[in-house]
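Asker: only geometry, no sequence info:
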């Protein structure tokens, strides 16, 4: 199975899937060094929101698109600014990339985050799910998650 990851961290999805990724996308120095050590011939696209990174991803679509966008915006240990935090908004950029990859042939998507994303005041998880499936309005269950 071909894998591509964003907000790749130190490569846990690659270990879980037991595969070398087509590409990774990580901006932090230490995780990037770990990825380069384990996968020296795999391109690290850096910031996954750039046109160059997106073009590379779409030109090299994986079977599975995986990402663990930053959790600080949703974590109960943080300020819980949710989608008002730039890091929280990366979840919505993730969904835009998913739609492009899906059109290019990617079949599966795995997104990982903290439990706090389910209980934000702005229904961030409902917004995320709606964006993933192309719904016009945030999704809810009994008005919340």
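Answerer: Arrived safely, thanks for sending. Fair warning: this is a prediction, and the values are worked out from it, not measured in the lab.
Asker: Name the residues of the longest helix seen in the chain that are buried.
Answerer: As assigned by DSSP state H, the longest helix anywhere in the chain is helix 86-104. By neighbour count on 16 or more other Cβ atoms under 10 Å, the buried set for helix 86-104 is 87, 88, 89, 90, 91, 92, 93, 94, 95, 97, 98, 101. The way it works is simple: take the backbone N, C-alpha and C, and place the C-beta from them, glycine included.
Asker: so what does it touch, helix or strand wise?
Answerer: For helix 86-104, the packing partners by 3 or more Cβ pairs under 8 Å, 6 or more residues apart in numbering; DSSP states H and E come out as strand 3-6, helix 51-59, strand 64-67, strand 108-111, helix 124-133.
Asker: before we move on, back to that, tabulate the buried residues of helix 86-104 in JSON lines, adding columns for pLDDT and distance to residue 51.
Answerer: JSON lines is the format used below for these (pLDDT from 0 to 100; distance: Cβ to Cβ, whole Å):
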{"residue": "87", "pLDDT": "89", "distance to residue 51": "20"}
{"residue": "88", "pLDDT": "88", "distance to residue 51": "22"}
{"residue": "89", "pLDDT": "88", "distance to residue 51": "17"}
{"residue": "90", "pLDDT": "92", "distance to residue 51": "16"}
{"residue": "91", "pLDDT": "93", "distance to residue 51": "20"}
{"residue": "92", "pLDDT": "92", "distance to residue 51": "17"}
{"residue": "93", "pLDDT": "94", "distance to residue 51": "12"}
{"residue": "94", "pLDDT": "96", "distance to residue 51": "16"}
{"residue": "95", "pLDDT": "96", "distance to residue 51": "17"}
{"residue": "97", "pLDDT": "98", "distance to residue 51": "12"}
{"residue": "98", "pLDDT": "98", "distance to residue 51": "17"}
{"residue": "101", "pLDDT": "98", "distance to residue 51": "15"}
